Every structure is written in structure tokens, then in C-alpha cells.
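Undergrad: Sharing a sequence plus its predicted fold:
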Amino acid sequence: MKVPLILIFMNIKKLTKAFFFIVLCQAAGFIGTFFTAGGLDPWYNTIIKPTFNPPGWIFGPVWVTLYALMGIALYIIWQKRHSLLKKKSARHASNLFLVNLGLNAIWSPIFFGAHNIELALITIILIWFTLAFSIKLYAQLSRPAAWLLMPYLFWTTFATILNISIFALN
């Protein structure tokens with residue numbers, strides 16, 4: 001069975017857009033790696049951390065996975081902008097999530113770059129609330145997109161508890 005050429009180009013266009021959103025989310029994490037790497041030694045290695053602090057090697061794979069899921073979810077919502085009934089709410093959901101992504105991108109520079117645990121804590125709380133509200137908006141537009149953000153919410157909840165603990169211990 002031959003597939004019409006137009007269908008191939010349409011699928012390539014969709015895949016390209018999905019890839020763009022995944023790369024966009026990965027870029028937010030990439031920004032943080034510069035500050036994380038520079039802030040580990042000696043500062044982070046010398047502050048007091050709770051016993052449940054995970055080993056450093058786990059953060060990279062977790063975040064790469066989370067940013068990929070975030071990109072796919074954002075792509076799904078972005079596609080909803082073409083629906084006349086959901087255009088405005090999809091734009092609001094996308095914009096709020098981009099605010100969340102921006103907050104996510106500045107957390108590492110604040111925590112690891114500026115060594116400001118308190119401001120990082122305020123930032124991660126804002127991340128958590130913008131994410132929770134994004135999930136609520138996403139669920140109204142696409143349940144799969146909302147579910148794709150749930151691992152990010154779980155990890156952000158854990159990271160918030162970790163940030164609170166580091167703040168309290170130091």
C-alpha cells in the first residue's frame with residue numbers, strides 16, 4: 001500500500017514540532033547544568049543535607065526524562081490551539097506552562113549559582129503551584145497531556161521537600 005506523499009510530509013511536520021517542544025524543555029534543563037556543575041564543589045558538597053538526599057548521578061537521567069515528557073505534553077496542548085472551542089484555554093495553558101518552565105530554568109542558577117537556598121525555596125514553591133495549575137488546565141484539554149506532567153509534579157514535590165530540608169539544616 002502506497003502512502004500519499006502529503007501524509008508523509010504532514011507527519012514529518014508534526015514530528016518536527018514535537019521535537020521542537022522537547023528540545024525547548026530540555027534547553028531549560030541545560031541552562032541549569034552550567035550552574036549545577038559549578039556549584040557542587042565546594043559549596044553544595046559542604047552544606048548539610050538530609051539523609052534522604054539522593055545520589056548526584058540520579059538527577060541527570062530523571063530530569064532528561066521529565067523534560068522529554070514535559071515537551072510531549074506541551075506539544076499536545078499546543079496542537080489544541082487549532083481547535084476553535086479550545087483555542088483560548090490552550091493558549092492560557094501553554095503560557096502558564098512556559099512560565100513554569102522559566103521558573104524551572106532559574107532555580108539552578110539561584111540555588112547552585114547564587115547559593116541562595118531561601119530564594120530557591122520560594123522559586124520551587126512557585127514552580128510547584130504553576131505546575132499544579134498547569135496540570136489542572138491541561139486536564140481540561142487533554143487527559144494524556146496532564147498525566148504526562150504527573151511525574152514532574154511528583155519529582156517537584158520531592159525536590160521541594162528536599163529544598164525545605166536543606167534550608168532548615170543550613
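TA: Received, thanks. Numbers count the residues shown, from 1 in each chain.
Undergrad: check contacts around Asn53.
TA: Leu162, Ser165, Ile166 (CB atoms under 8 Å, 6 or more residues apart in numbering). In short, each C-beta sits where N, CA and C put it, glycine included.
Undergrad: which of the residues you listed count as buried?
TA: By neighbour count, with 16 or more other CB atoms under 10 Å, the contacts of Asn53 hold Leu162, Ser165, Ile166 as buried.
Undergrad: now the first one: how far from Ile31?
TA: Relative to Ile31, Leu162 is positioned 20 Å away (CB to CB, to the nearest Å).
Undergrad: Would you mark the buried spots in the top helix by length along the chain?
TA: Assignment by DSSP state H gives helix 5-39 as the longest helix of the chain. Residues of helix 5-39 classed as buried by neighbour count (16+ other CB under 10 Å): 18, 21-22, 24-26, 28-29, 31-32, 35-36, 39.
Undergrad: Kindly report the same for stretch 81-94.
TA: For stretch 81-94, using 16+ other CB under 10 Å, the buried residues are Lys86, Ser89, Ala90, Ala93, Ser94.
Undergrad: Spatially nearest residue to the third one (excluding sequence neighbours)?
TA: Nearest-residue entry for Ala90: Lys80, 3.8 Å, with adjacent residues in sequence omitted and distances by CB to CB, 6 or more residues apart in numbering.
Undergrad: Strands of this protein, start to end?
TA: Assigned by DSSP state E, the chain shows no strands.
Undergrad: was I right about the residue nearest to Ala90 contacting Tyr138?
TA: No. Judged on CB atoms under 8 Å, Lys80 makes no contact with Tyr138 at a distance of 9.4 Å.
Undergrad: what touches both of those two?
TA: Ala93.
Undergrad: any low-confidence regions in the protein?
TA: Applying pLDDT under 70 to the chain flags residues 1-10, 38-39, 84-85.
Undergrad: cutoff 90 now
TA: 1-17, 31-43, 45, 56, 78-91 (pLDDT under 90).
Undergrad: Break down it into its helices, ranges please.
TA: 5-39, 45-46, 59-79, 87-108, 117-141, 143-169.
Undergrad: TSV for the ones you listed, including distance to Phe52?
TA: As requested, these are exported to TSV (distance: least, CB to CB, whole Å):
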stretch	distance to Phe52
helix 5-39	19
helix 45-46	17
helix 59-79	14
helix 87-108	19
helix 117-141	16
helix 143-169	7
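Undergrad: For Ile31, see how far away Leu103 is.
TA: 12 Å.
Undergrad: Just give the number of residues close to Lys136.
TA: Neighbour count of Lys136, defined by other CB atoms under 10 Å: 12.
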